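Visitor: build me a model:
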Amino acid sequence: MISDPIDTAGSVSPQAFDYILSKIKDGFLFEQFAQDLLCQILGVDFIPLGGVHDRAIDGLEHCAHPKVDEKTIYQISIEQNPRQKLLKTLQALKENNIKCLRLFYVTNKPVDQQDLLEEELYDRHGVVVRCRDAAWLRGNLNKNEGTIRTYLTFIESNYHEFADPGKTQIVADFVTDPRIFVFLRQQWERYGNRMRLDDLLTDSLILYSLEGTDPDEGKFRDRAAILKKFEGLVCYEPKILEARLDARLKHLSTKPRRIKFYEEGNKYCLPYSTRLELRERNIEDASLHEQFVLTANERLKKHLETQAVQIKDALNLLEGTFNAIFKQQGLEFADFVIKAENRDAVEKSLADIIADVVDSSAVTPANRTRVKAALLGAIREIIYRGNDSEHEYLRRLAHSYLMLFLLQCDPKICAFFSTMAGKLKVFVCTSLLVPALSEYPLPPEHRRHWNLLVSANKAGVQLLVNKAILQELVSHLQLAKNRYNEEYHGMETVFSDEIAVRYVKEIILRSYFYSLGAGQKWTIEQFLDNFVTPSATSEEMEIEMVEWLRHNFGVTYVEDAALGVTVNQHDLDTLTKELSGHKRSKRQASADARTILTVYALREKNQESGSSGIFGFRTWWLSKDTLTHQAVMKCFGKRYPTSCYIRPDFLLNYVSLAPSYDDANRVFDRMFPTLMGVTLSHHIPDEVSDIIHQAIKQHANKDLGRVKASLRTLSDQLKTDQKTINRIELKHYLDEQLGSA
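Guide: Numbers count the residues shown, from 1 in each chain. Predicted structure coming up:
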């Protein structure tokens, strides 16, 4: 965790600035920041060096000159070795007859022995070189109000912190990179009504997991073994796929049958026809993979020979580069491979990616410049002039990437939602808390509401309850106790039956009777004592419940006065009256009305309309009862255009079940570029790439300000709209198992 970026004197913290610089891994992002900062320090604007904006000259990436002086060139770089980079730059300037009298090298790295380096370069090339390294930038950061404002704007837009699993900090651009825009757009596209990508991926992994089974040899796998194989294949716990596993096993084992199910032992295996189909496909995929490895490796070796350099593991370096390409610009690269358009999108970061891969490798520093040149040449040759097998191999990987992308398994998308989660402040409604309490007797894997709250808290979401919510929750427990004494006392045997328990309306009591049927032996008082003392007063129960919620879910109780907002009494009375027709009591209507108006008051107090950026509003009410927003609209019209409700299935799908940032990186390491990454491509429909291609073009044609506005709108829509696709709804396990009477 970095220190506050502004110290008590109103200047930027040097330690925080150094930390932020060290986190910048994107050359174009650093170029944008450095140019903005230099404009404030030097008072000049920059123009891209002629012919370099389209990456026409290797070695002159991120070069520009001041508007008034074409012979002074600034190069902005994040490469590890300044000397090698400068030598390559000066050589490129010479070979391309670009007149340069002074070269300023701007970097986020420290440059040691600058005087000696600058003298050496002048002796060799006759060009005055000046280094503006991390220390120089730090020293000029507090020069004026403009430099401080530039830095703080950069922090606000690009510095992201999230819990994954501890505190993870990254510097990433969510706006100019099209991934977030395209992903958010795709959550509403029509094609999702005709297919479920999570089903396609689940089916593929099931078939993978059952390879090697054979009923004739007595080789089977049960559900647990299949799920274990899942985790081994993708290298993380695939919760969203596990949620689909039972349905897909049933689907695949019905006609037309692709797998066989044996009731004895609840086990599965592949039938002969599927084994034959997979064997033929695997042979084809393995052949394609081997051809790519062979030809790509030969290309790199030839380029290394041209550069007069040798390295021990050329293939590992080549594969590491493709892996980094998919991680850092996978969407644009996949789109280019499939559509053969927008070459500039691929080239914009290619040199930076290769430089980072080589600098992080075991290649000796003296050879790195030549290895980078060889690798760049080989990668370009494969991409632009590769043979049919190389193009088909990359096309398969691109399709597999698109499937993972649309399942939210991309490092940048994971970082976006993790950052969003860390910004959310959510009041938790009793429509979530009561079902969560009722899940107490269930095995951990079936506690869906419970696990949702726990995972949301771990992801950094601030879960809150106020006095109104707390009183309503205690009222639910008291009502359950009273209803039990009035209607069910002495009839435990009857309502413990799986059929009769369906007629128990209150979920708390239904859970109690279900636990009795499952063999649990306790009284209703003992059951309720898991949460509060049943014989206590309402006030005492509230105090106990505060601690229970904090310990189990990380839910914080906040006093109304501590929030610093006042609910207008007239608004409260108006909304309470309107809600009374939708709630079970006037007391509940009043409690919900107060929470709703508190959420809106906090948004206004914290100026969330103007300060929340692309992540949207921060303060919400987590509730299943979203229909009452109609009452808000009826009472206040357009005064509150954005709903105060955040959907539970938003947190379920985009936070709880979604892969984490580290998970996504592990999946990419497992898939790209590997044989498994090739095989997954069989399950992605061609029309998906067509839709994504159009969304990328829309992003490219939008002004960045418009992109930011769109991201904010889409972010809030995702939290509130019930029409998103390919998503799993939050359902109580007992409702699913028992149904309703």
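Visitor: C-alpha coordinates for stretch 249-268, PDB please?
Guide: This file holds the C-alpha atoms of stretch 249-268, laid out as PDB (Å, rounded to 0.1, in the frame of the first residue of the first chain):
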ATOM      1  CA  LEU A 249     -23.500 -33.400 -17.500                       C
ATOM      2  CA  LYS A 250     -27.200 -34.100 -17.800                       C
ATOM      3  CA  HIS A 251     -27.400 -32.400 -21.200                       C
ATOM      4  CA  LEU A 252     -24.400 -34.300 -22.600                       C
ATOM      5  CA  SER A 253     -25.700 -37.600 -21.300                       C
ATOM      6  CA  THR A 254     -29.100 -37.300 -23.000                       C
ATOM      7  CA  LYS A 255     -29.800 -37.900 -26.700                       C
ATOM      8  CA  PRO A 256     -27.800 -37.200 -28.800                       C
ATOM      9  CA  ARG A 257     -25.600 -38.700 -26.100                       C
ATOM     10  CA  ARG A 258     -21.900 -37.600 -26.000                       C
ATOM     11  CA  ILE A 259     -21.100 -39.000 -22.600                       C
ATOM     12  CA  LYS A 260     -22.500 -42.000 -20.700                       C
ATOM     13  CA  PHE A 261     -23.900 -41.800 -17.200                       C
ATOM     14  CA  TYR A 262     -24.000 -44.800 -14.800                       C
ATOM     15  CA  GLU A 263     -26.400 -44.500 -11.900                       C
ATOM     16  CA  GLU A 264     -24.400 -47.000  -9.900                       C
ATOM     17  CA  GLY A 265     -21.700 -44.900  -8.400                       C
ATOM     18  CA  ASN A 266     -22.900 -41.800 -10.200                       C
ATOM     19  CA  LYS A 267     -20.100 -42.000 -12.600                       C
ATOM     20  CA  TYR A 268     -19.400 -41.000 -16.200                       C
END
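Visitor: residues in contact with it?
Guide: With contacts defined as Cβ atoms under 8 Å, 6 or more residues apart in numbering, stretch 249-268 is touched by 199, 203, 206-207, 210, 213, 215, 220-223, 226, 269-271, 274. In short, each C-beta sits where N, CA and C put it, glycine included.
Visitor: recalculate using a threshold of 6 Å.
Guide: With Cβ atoms under 6 Å, 6 or more residues apart in numbering as the contact definition, stretch 249-268 has outside contacts at Phe220, Arg221, Asp222, Cys269, Leu270, Pro271, Thr274.
Visitor: apart from its neighbours in sequence, what residue is nearest Val474?
Guide: Take Val474 and drop its neighbours on the chain: the residue closest to it by Cβ to Cβ, 6 or more residues apart in numbering is Met541, 4.6 Å away.
Visitor: how about Val555?
Guide: Residue nearest to Val555 in three dimensions, not counting chain neighbours: Leu549, with 3.9 Å by Cβ to Cβ, 6+ apart.
Visitor: now the helix or strand hosting the residue nearest to Val474: buried residues?
Guide: When secondary structure is defined using DSSP states H and E, the element that contains Met541 is helix 538-553. Applying a neighbour-count criterion of 16 or more other Cβ atoms under 10 Å, the buried positions in helix 538-553 are Met541, Glu542, Met545, Trp548, Leu549, Asn552, Phe553.
Visitor: for the residues you listed, which one is nearest Pro66?
Guide: Within those, distances to Pro66 taken as Cβ to Cβ reach their minimum at Phe553, with 56.7 Å.
Visitor: which helix or which strand is home to Trp621?
Guide: Following DSSP H and E, one finds Trp621 within strand 619-622.
Visitor: burial check on Ala500, number of neighbours?
Guide: Using other Cβ atoms under 10 Å, the number of residues around Ala500 comes to 15.
Visitor: let's see the pLDDT reported for the closest residue to it other than its chain neighbours.
Guide: Nearest-residue entry for Ala500: Val494, 5.6 Å, with adjacent residues in sequence omitted and distances by Cβ to Cβ, 6+ apart. In the prediction, the pLDDT value recorded for Val494 is 91.
Visitor: which residues does the strand or helix carrying Val494 contact?
Guide: Mapping Val494 onto the secondary structure by DSSP H and E places it in helix 492-495. Among residues not part of helix 492-495, those counted as contacts by Cβ under 6 Å, 6+ apart are Tyr488, Ala500, Val501, Val504, Phe513, Leu516.
Visitor: CA atoms only for that helix, dumped as PDB, please.
Guide: What follows is the C-alpha trace of helix 492-495 in PDB, where atoms were taken according to Å, rounded to 0.1, in the frame of the first residue of the first chain:
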ATOM      1  CA  GLU A 492     -42.000 -31.100  13.600                       C
ATOM      2  CA  THR A 493     -42.300 -34.700  12.300                       C
ATOM      3  CA  VAL A 494     -44.900 -33.700   9.800                       C
ATOM      4  CA  PHE A 495     -43.100 -30.700   8.400                       C
END
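Visitor: so how far is it off the chain centroid?
Guide: Chain-centre distance of helix 492-495: 47 Å, with Cα atoms, centre = their mean, to the nearest Å.
Visitor: now it: buried residues?
Guide: Counting neighbours by 16+ other Cβ under 10 Å, helix 492-495 gives Phe495 as buried.
Visitor: tell me which helix or strand comes right after it.
Guide: By DSSP H and E, the next helix or strand past helix 492-495 is helix 507-517.
Visitor: quick check: end-to-end length of stretch 180-196?
Guide: Taking Cα to Cα, to the nearest Å, the first and last residues of stretch 180-196 lie 20 Å apart.
Visitor: what packs against whichever helix in the chain runs longest?
Guide: Secondary structure of the chain per DSSP state H: the longest helix is helix 272-306. Helices and strands touching helix 272-306, as assessed by 3 or more Cβ pairs under 6 Å, 6 or more residues apart in numbering; DSSP states H and E, comprise helix 314-339, helix 368-385, helix 388-406, helix 675-679.
Visitor: alright, I will stop here.
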